[in-house]
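Enquirer: Here is a sequence with its predicted model. Questions after.
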Amino acid sequence: MNFQELYYQNPYQTTFEAEVLTCTPGPDSNTYYLTLSQTLFYPEGGGQPADKGTLTVLPDCPDSSAQGQPGSCPEASAQNQSGNSPRTTSQSQSVSCPEASAQNQCSSCRENASGVLCDNCPDRSTSSEPLSVLDVQDSDRGVLHVTAKPLSTGTRVRGEIDWSFRFPLMQNHTGEHIISGLVHRKYGYENVGFHMSDVITLDLSGPLTWNEAMEIEQQANEVVYADLPVDVLYPDDAELESIDYRSKKELEGAVRIIHIDDADDCACCGLHVRHTGEVGLIKLLSLMNHRGGVRITMLSGRQALRYFEQIHDASTAVGQLLSVKPHETLDAVQHLLQESLNKDRKIADINQRYFQAKADSFTEKKDLILCFEEQMNQVELRKFCDLLVKSGKGTICAVLTETEPDTWQYCIGSTEVDLRAAVKVLNEQLNGRGGGKPVMVQGTFHADADAIETALKKTLV
């Protein structure tokens, strides 16, 4: 039987029937690789992820071939008062066939040395529960459908792809072609990298500014609004010579070209929408320099809509918090940040005065100045400790603040003593971590204040 790539014949088709040609264990012993007589499942390739979906075993009958309808059963049809074949009474529910069940029964189903299961096991070949297709990969054996359970050779199945997963990929893939094609026509750059996941990542071979990218985005959406046909061409050698098409590599054999008037001609193995209008929306999200060119992230279609729904919801929520309209949030946040910056400056000034007053309170030089402070961050700890050291009021100065019960951040400084060896001892005694340079060490102790004070005085003095 000749294998048929149904996903190329009609990428909008969502269900099909086929026969299992081969079933082999996967390398991890928890998966199986199935090849089918035909398939709608697109295998990962060309930057486009594999389809998702299910396979459901169809009812079988010994004389189904005489009926000319593989998978049908006269007895089951007789029970079906509507006259429909069993496999069409519902999308995924199979109707049992007494003859088939009797034939397929076996006493046990165990893996033999080769890892192949019994072909007649009912658990293997007659279950009506949909079997998830975990992955789809192309190989020299054909398209491999990865499943968690095996199916017998010759089993007829009904496949159903996850359209809610495939269609956004088609929108994004066509959107990427429009962007890449317009960039190529205007600047001559090549698409040298393409990946589809939560966002589309597109690597171009030359530089672009954000303003230039926005001009391309506007042109791309004009192509969408024009609702142009997205043609799939299979030109012969002579016709191919006359087409200026994009391609990432040298191609052999039949070449599949995606053509969009005034936008793109590109060799591509992926799936696309029929008309550009189905893309709905193209939006570039970011642009960064990358390997002598630029990397663009973008979204199209439903994913772009969902993205802007999230942005709108977040902007609306922020606006409600700030008592402004969604389009006024930028000015409001900038104003809020400026107020916060002014407060931080005032706090820093007050802290500096406090640090100086505390240092001035030590009238005589001490071997160890020890200060337990409240609610200081690491920057404030370091500034206070540095000021104490520079004031010359202590041979060694230690400032600590409690971040959680019996958890203290510390900063210890000295211009006269190498602190590195001492802090190792302190960390062992006080369940601490940290270190630094000879003149200053920082870290965290896990102990109570009395234990810390005792250890510091014993080790440092």
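Expert: Received the coordinates, thanks. Residues are numbered from 1 along each chain as shown.
Enquirer: what's the helix or strand hosting residue 218 packed up against?
Expert: Remark: residue 218 resides in helix 210-225, with elements defined by DSSP states H and E. Applying 3 or more C-beta pairs under 8 Å, 6 or more residues apart in numbering; DSSP states H and E, one finds that helix 210-225 contacts helix 163-187, strand 282-290. Placement of C-beta: from N, CA and C, glycine included.
Enquirer: same for the helix or strand just after the longest one, what does it pack against?
Expert: Helices and strands here follow DSSP H and E; after helix 163-187, the next one along the chain is strand 191-196. The elements that strand 191-196 packs onto, with contact taken as 3+ C-beta pairs under 8 Å, 6+ apart, are helix 163-187, strand 200-204.
Enquirer: which residues touch stretch 128-145?
Expert: For stretch 128-145, the surrounding residues in contact (C-beta atoms under 8 Å, 6 or more residues apart in numbering) are 3, 5, 21-22, 31, 33-36, 39, 41-45, 50-57, 92-94, 146-149, 151, 159-160.
Enquirer: circling back to that earlier point, can you put the helices and strands packed on strand 191-196 in JSON lines and add mean neighbour count and mean pLDDT?
Expert: Compiled in JSON lines, the helices and strands packed on strand 191-196 are given as follows (neighbours: other C-beta atoms under 10 Å; pLDDT from 0 to 100):
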{"stretch": "helix 163-187", "mean neighbour count": "22", "mean pLDDT": "97"}
{"stretch": "strand 200-204", "mean neighbour count": "22", "mean pLDDT": "96"}
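Enquirer: could you dump these to CSV with distance to residue 362?
Expert: Output for the helices and strands packed on strand 191-196, formatted as CSV (distance: least, C-beta to C-beta, whole Å):
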stretch, distance to residue 362
helix 163-187, 67
strand 200-204, 59
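Enquirer: Domains in this protein, by residue range?
Expert: Taking automatic domain parsing as the domain assignment, the ranges for the chain are 4-161, 165-308, 326-355, 362-460.
Enquirer: Would you single out the least confident of these?
Expert: The weakest mean pLDDT among these belongs to domain 4-161, with a mean of 70.
Enquirer: Start and end of that domain, how far apart?
Expert: Domain 4-161 stretches 16 Å from its first residue to its last (C-alpha to C-alpha, to the nearest Å).
Enquirer: follow-up on the earlier one: how about the helices and strands packed on strand 191-196, which one is nearest residue 276?
Expert: helix 163-187 (6.8 Å; C-beta to C-beta).
Enquirer: Just the angle for the closest one relative to strand 191-196, thanks.
Expert: Using axes from the mean of the first three to the mean of the last three C-alpha atoms, to 10 degrees, the inter-axis angle of helix 163-187 relative to strand 191-196 is 160 degrees.
Enquirer: Against which helices or strands is helix 163-187 packed?
Expert: By 3+ C-beta pairs under 8 Å, 6+ apart, helix 163-187 packs against strand 191-196, strand 200-204, helix 210-225, strand 257-260, strand 264-267, strand 282-290, strand 293-300, helix 301-322.
Enquirer: So what's the gap between the second one and the chain middle?
Expert: Here the centre of mass of C-alpha atoms in strand 200-204, compared against the chain's by C-alpha atoms, centre = their mean, to the nearest Å, lies 15 Å away.
Enquirer: Contacts made by that strand with the rest, please.
Expert: 172, 175-176, 179-180, 183, 189-195, 290-291, 293-300.
Enquirer: filter those to the buried ones?
Expert: 172, 175-176, 179-180, 183, 189-191, 193-194, 290, 293-294, 296-300 (16 or more other C-beta atoms under 10 Å).
Enquirer: follow-up on the earlier one: go through the helices and strands packed on helix 163-187 and name the closest to residue 385.
Expert: Per C-beta to C-beta, nearest to residue 385 of the helices and strands packed on helix 163-187: helix 301-322, 37.6 Å.
Enquirer: Name the residues of that closest one that are buried.
Expert: Buried, per 16+ other C-beta under 10 Å, within helix 301-322: 301, 303, 304, 305, 307, 315, 319.
Enquirer: same deal with stretch 141-151?
Expert: For stretch 141-151, a neighbour-count test (16+ other C-beta under 10 Å) marks 142, 143, 144, 145, 146, 147, 149, 150, 151 as buried.
Enquirer: tell me which element the second one is part of?
Expert: Using DSSP H and E, residue 143 sits in strand 142-147.
Enquirer: next structured bit after that strand?
Expert: strand 156-161.
Enquirer: so what does that next one touch, helix or strand wise?
Expert: Under the contact rule (3+ C-beta pairs under 8 Å, 6+ apart), strand 156-161 is packed against strand 15-25, strand 53-57.
Enquirer: Just put these in JSON lines and tack on distance to residue 382 and mean neighbour count.
Expert: Conversion of these to JSON lines gives the following (distance: least, C-beta to C-beta, whole Å; neighbours: other C-beta atoms under 10 Å):
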{"stretch": "strand 15-25", "distance to residue 382": "60", "mean neighbour count": "18"}
{"stretch": "strand 53-57", "distance to residue 382": "58", "mean neighbour count": "22"}
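Enquirer: do you know which of the ones you listed lies nearest residue 439?
Expert: Using C-beta to C-beta, these put strand 15-25 closest to residue 439, at 63.8 Å.
Enquirer: and the closest one with helix 163-187, angle?
Expert: Angle of strand 15-25 versus helix 163-187, following the same axes, to 10 degrees, is 90 degrees.
Enquirer: could you say what helices and strands strand 15-25 packs with?
Expert: Applying 3+ C-beta pairs under 8 Å, 6+ apart, one finds that strand 15-25 contacts strand 32-36, strand 38-39, strand 156-161.
Enquirer: in its sheet, what does the second one sit against?
Expert: Each strand that pairs with strand 38-39, with its direction, by DSSP bridges: strand 4-5 (parallel).
Enquirer: circling back to that earlier point, with distance to residue 394 added, can I get the helices and strands packed on helix 163-187 in a markdown table?
Expert: Formatted as a markdown table, the helices and strands packed on helix 163-187 follow (distance: least, C-beta to C-beta, whole Å):
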| stretch | distance to residue 394 |
| --- | --- |
| strand 191-196 | 58 |
| strand 200-204 | 56 |
| helix 210-225 | 54 |
| strand 257-260 | 75 |
| strand 264-267 | 72 |
| strand 282-290 | 49 |
| strand 293-300 | 53 |
| helix 301-322 | 46 |
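Enquirer: between these, which gets nearest to residue 436?
Expert: strand 282-290 (35.0 Å).
Enquirer: Dump that closest one to CSV, restricted to CA.
Expert: Backbone C-alpha positions of strand 282-290 (Å, rounded to 0.1, in the frame of the first residue of the first chain) are rendered in CSV as follows:
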residue,chain,number,x,y,z
ILE,A,282,1.0,39.7,12.7
LYS,A,283,2.8,41.3,15.6
LEU,A,284,6.6,41.6,16.2
LEU,A,285,7.4,41.5,19.9
SER,A,286,11.1,42.1,20.1
LEU,A,287,14.3,42.5,18.1
MET,A,288,17.9,42.0,19.2
ASN,A,289,21.3,41.7,17.6
HIS,A,290,22.3,38.1,16.9
